[in-house]
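A.B. asks: Only the shape, not the letters, is given here:
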Ligand code: SF4
């Protein structure tokens with residue numbers, strides 16, 4: 001830091017109302033989907049039809065009731081098998 005850089009005391013960062021709103025919305029969404037951050041036996045996001053990029057550990061789930069980022073090892077009740085000839 002140079003001597004001319006002003007230092008402002010902005011306090012410790014804290015969640016804003018929008019963060020609490022989003023947290024609640026996403027919490028309900030996860031609850032409805034029974035979304036878990038771990039596989040359910042052999043079923044997991046990375047081998048689900050709705051997992052967009054199967055080469056990635058984290059990607060977009062395009063299930064119409066979710067449309068969020070999910071981890072490859074996660075699972076939800078809407079898991080669907082990828083058809084071999086799809
Ligand atoms: S539908 Fe469920 S299991 Fe499938 S990718 Fe989305 S969150 Fe994962």
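C.D. replies: That came through fine. The structure presented is a predicted model; accordingly, all values stated were derived computationally and were not measured. Numbering: from 1, shown residues only.
A.B. asks: contacts, neighbours, all on C-alpha from now
C.D. replies: Will do.
A.B. asks: for the ligand, what are the nearby residues on this protein?
C.D. replies: 44, 45, 48, 50, 51, 61, 63, 74, 75, 76, 78, 79 (Cα under 6 Å from any ligand atom).
A.B. asks: Residue 6: which of these is nearest?
C.D. replies: Nearest to residue 6 out of the residues of the chain next to the ligand is residue 61 (Cα to Cα; 43.6 Å).
A.B. asks: Near that closest one, how many residues? Count them for me, please.
C.D. replies: The tally of other residues near residue 61 (other Cα atoms under 10 Å) stands at 21.
A.B. asks: Phi first, then psi, for it.
C.D. replies: phi -100, psi 120 (degrees, to the nearest 10).
A.B. asks: Residue 52 is in contact with that one, correct?
C.D. replies: Yes - Residue 61 lies in contact with residue 52 (Cα atoms under 8 Å); the separation is 6.0 Å.
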